[in-house]
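Asker: need a 3D model of the sequence below.
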Amino acid sequence: MKKLVLWSLAVALAAVFAGGTAYASANQVNGTSATTMTCTTNCSSSLYLILYSNQSGGTTTWMVTFGLFGTDSSGNPTSISASGTVPASMISGNQQNTLTLALDTNAAGLQVQYCVADQYYNYTCNPYQGGTITATFNTTSNYSNHSVEQNQTTFGNFTVHLNLQSDTSSATAQTNAFGTQFVDGNAQFGTSHSGTVEITNP
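Answerer: All right, here's what the predicted structure looks like:
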């Protein structure tokens, strides 16, 4: 079931985005996560979003990584994406079986990018004015999983080393990303995540 491996990839991508070019950095990861990867309207628009918390020294920090993919009026592939810290005031739910994100990217200070690809899939990116994303996750009883993972993945000129364990369950997600509605019956909700993510030059 490919949804079960999304947490590891999502953490890797989130760590990369959050870490910028700060290679050889290690991040402790623990807490709650929620992931949706879905599409709408015959998949003319697709969404990838992960929301997760990191608890350290009694303080909880929330992070979000998202990408909204589609096409422009000329049929060129587009993406709207960002990653960064989310104020706790934009998070609600009991974090055990329900979690809601009410994100205003401008109020959160996220640097959102809008990218357009040419016929050779070379992307040109510019700052995007931002907007709102709302997402509500609720667990279901379709499956649950406990996993322990050690993994190494290379993305271009850096390598992500994962040492993680997690408890994950199936979930539903209802999302509105910049005015586009998504419903995902195969989302993922995780609790008790712990471990480290280290980014190094290969």
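Asker: check the gap between the residue located most distally from the centre of the chain and residue 116 for me.
Answerer: Distance from the C-alpha centroid of the chain, by CA atoms, centre = their mean, peaks at residue 74 (28.0 Å). Separation of residue 74 from residue 116 (CB to CB, to the nearest Å): 9 Å. Every residue, glycine included, has its C-beta placed from N, CA and C.
Asker: same question for residue 141.
Answerer: For residue 141, the distance to residue 116 equals 42 Å [CB to CB].
Asker: between those two, which one's more packed in?
Answerer: Shown here are residue 141 and residue 116; by other CB atoms under 10 Å, residue 116 has more neighbours (16 against 7).
Asker: quick one: the more buried one from residue 178, how far?
Answerer: Residue 116 is 16 Å from residue 178, by CB to CB.
Asker: please apply the same query to residue 40.
Answerer: For residue 40, the distance to residue 178 equals 13 Å [CB to CB].
Asker: how about residue 52?
Answerer: Distance, residue 52 to residue 178, by CB to CB: 21 Å.
Asker: more neighbours: the two, which one.
Answerer: Legend: neighbour count by other CB under 10 Å for residue 52 and residue 178, higher for residue 52 (24 against 17).
Asker: now find how far off-centre the host helix or strand of that one is within its chain.
Answerer: Assigned by DSSP states H and E, residue 52 falls within strand 45-56. Distance, stretch centre to chain centre, for strand 45-56: 3 Å (CA atoms, centre = their mean, to the nearest Å).
Asker: start the count at 121 instead of 1 going forward.
Answerer: Fine by me, first position is 121 from now on; the one you just mentioned is strand 165-176.
Asker: hang on, residue 267 packs against residue 282?
Answerer: No - look at residue 267 against residue 282 with CB atoms under 8 Å: they stay out of range, at 11.1 Å.
Asker: which one's more surrounded, these two?
Answerer: Higher neighbour count among residue 267 and residue 282: residue 282, with 20 against 15, using other CB under 10 Å.
Asker: which residue, neighbours along the chain excluded, lies closest to that one?
Answerer: Leaving aside its sequence neighbours, residue 282 sits nearest to residue 271 (CB to CB, 6 or more residues apart in numbering; 4.4 Å).
Asker: three-state assignment of the closest residue to residue 266 other than its chain neighbours?
Answerer: Of all residues not flanking residue 266 in the chain, residue 287 sits nearest, at 5.2 Å (CB to CB, 6+ apart). Using DSSP: H, G, I helix; E, B strand; the rest coil, the structure places residue 287 in strand.
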